[in-house]
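In: Take this sequence and fold it.
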Amino acid sequence: MYMSALTKLGVTKPKTISIVVPVYQGNLTLKTLVSQISRVRDELKSRPDNAYSIDEVILVDDYSQDGSSSLINELSSQHEWIKPIWLSRNYGQHAATLAGMSSSRCELVVTMDEDGQHAPSDIIKLLEVAAETRAELVYAEFGDISSHKSWRNSFSKLAKLIAMKILLPKQMKRFSSFRLIDGELARTVSAYAGNGVYLDVALTWVVDNIETCKIDNRPELRKRSGYSFRTLLSHFWRLVLSSGTRPLRAVTFLGIGSSMLAIVGGLAVIYGRVANNIPVAGWTSMTVIVLFFSGLILLALGILAEYLGIVVRTVIGKPLYIIRSTPRIDLRKEDQK
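Out: Numbering: from 1, shown residues only. Prediction:
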C-alpha cells in the first residue's frame, strides 16, 4: 500500500528526513529508541523505490540529570547520523523541540518523544498519509491512552477537548508530539516562535493542510512519567495563552453574559417588589453577587496580566532557548582540571 501510493503520485526523488527527539531523563529509554530508529532507517534504504532517507537524528538534551548527556555522546560517536544538541538549562519539551527543528537540514522533519510511546516504525505511516494527502503537517492520532494514570488520562482528555472546541483553528483535528512537518515550514516556525509559545499553535500560523494518522499507543519504557500535574497544567496554560485573543474574547462574552444576567435579575426583583410586593432579600444575596462578579473581574485581570507577561518577556529579549557547544557536565570536568 505504501509503495503503491508513492508510485501513483510519481515520487521518484528521495526525500531526506530529520528526526528531532527532545531528551529529558532518557537514560533508560534512549538506547532502545535509537536502535529502533536505526532499523527503520535501514528499512527505508532497502526499499526499491528509495523514496525517503533518514539523514539525521537530532537528540536535544534538555539539561538531563540522569546521565543522558553521556549516553548521547556515546550514541553520536557510534552513529554518524546522530547529531547532539545541548541546552544551557531545562527549557521544556516545546523549546527543546524548536531547538532541534531550527538545527535540522532535511526536507521533512519528524518530532517524537524518547520515552518509548512513539514507535519509530510508525514514521512510515506518517509518510504514507503525507504522500497521499499532500499534507504539510501530519499528526499521529492515538487511540487508547490507558498506559498513563487515570488522573492524567482524564486531564489530557479534558484539555484536548477544550483546545479543539475553543482554542485551536478548525483545521486542527488532533495534535500530539509525534508529528511529520515540512522541513522548510518547521525551520520557519522555529525561527519566529517567541518565548512561551505552544508549538502546535505556532504551527497553525504557517500550515493550513493538516492531517492525522491513526496509530496504536504504546506504554512508556520507563515506569515513571516525566510529567507532573504541575507540568501538564503549565503546558495547558501555555496553550491557552498562545491561542491568540480567543481567551480574551471568552472573557468578554462571559462579562456580557454576566451583565445580562445581572440586568435580568434586577428587573425580576423590581417586578416582584412592585407587582407582587415580594420583599427584597438581604445581605446574603448581595454578598454572593459581589463575590461572583469580583471573581470574574479578577479572572479577566489575571488573563490580561499573563498576556502582558508574555509581551514583557519578548521585549526584554528573554531567549526561548540557548544552545551550548558541549554538555554542562563536560564543562564541569574541564573546570576541575
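
In: okay, now S38: neighbour count?
Out: S38 has 17 neighbours, counted by other C-beta atoms under 10 Å. Where you see a C-beta, it was placed from the backbone N, CA and C, and this is true even at glycine.

In: show me what contacts it?
Out: H79 (C-beta atoms under 8 Å, 6 or more residues apart in numbering).

In: rerun at 10 Å
Out: Going by C-beta atoms under 10 Å, 6 or more residues apart in numbering, S38 touches I54, V57, Q78, H79, W81, I82, P120.

In: Just name the closest of the residues you listed to S35, please.
Out: P120 (9.2 Å; C-beta to C-beta).

In: May I have the phi/psi pair for that closest one?
Out: phi -60, psi -30 (degrees, to the nearest 10).

In: My read is that it contacts D42, right?
Out: No. P120 is not in contact with D42 according to C-beta atoms under 10 Å; the separation is 11.3 Å.

In: Could I get the full set of helices for the protein?
Out: Listed in chain order, the helices found in the chain under DSSP state H are 2-8, 30-46, 68-78, 93-103, 123-133, 150-162, 183-192, 199-204, 229-242, 246-276, 283-315, 328-336.

In: quick one: buried residues of the third one?
Out: Across helix 68-78, burial judged by 16 or more other C-beta atoms under 10 Å covers S68, S69, L71, I72, N73, L75, S76.

In: Let me have the residues you listed in JSON lines, extended by pLDDT and distance to E132.
Out: JSON lines is the format used below for those (pLDDT from 0 to 100; distance: C-beta to C-beta, whole Å):
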{"residue": "S68", "pLDDT": "91", "distance to E132": "37"}
{"residue": "S69", "pLDDT": "91", "distance to E132": "40"}
{"residue": "L71", "pLDDT": "94", "distance to E132": "37"}
{"residue": "I72", "pLDDT": "95", "distance to E132": "35"}
{"residue": "N73", "pLDDT": "93", "distance to E132": "39"}
{"residue": "L75", "pLDDT": "96", "distance to E132": "33"}
{"residue": "S76", "pLDDT": "95", "distance to E132": "34"}
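
In: Export those to CSV and append columns for distance to L137.
Out: CSV is the format used below for the buried residues of helix 68-78 (distance: C-beta to C-beta, whole Å):
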residue, distance to L137
S68, 28
S69, 31
L71, 31
I72, 27
N73, 32
L75, 28
S76, 28
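
In: Now the two most distant members of those residues.
Out: Farthest pair in these, by C-beta to C-beta: S68 and S76, 12.2 Å.

In: Common neighbours of the two, please.
Out: L59.

In: Please parse this structure into its domains.
Out: 2-228, 246-315 (automatic domain parsing).

In: what's the most buried one of these?
Out: Ranked by mean neighbour count, these are led by domain 2-228 with a mean of 18 (mean count of other C-beta atoms under 10 Å).

In: circling back: common neighbours of P120 and D42, please.
Out: I54.
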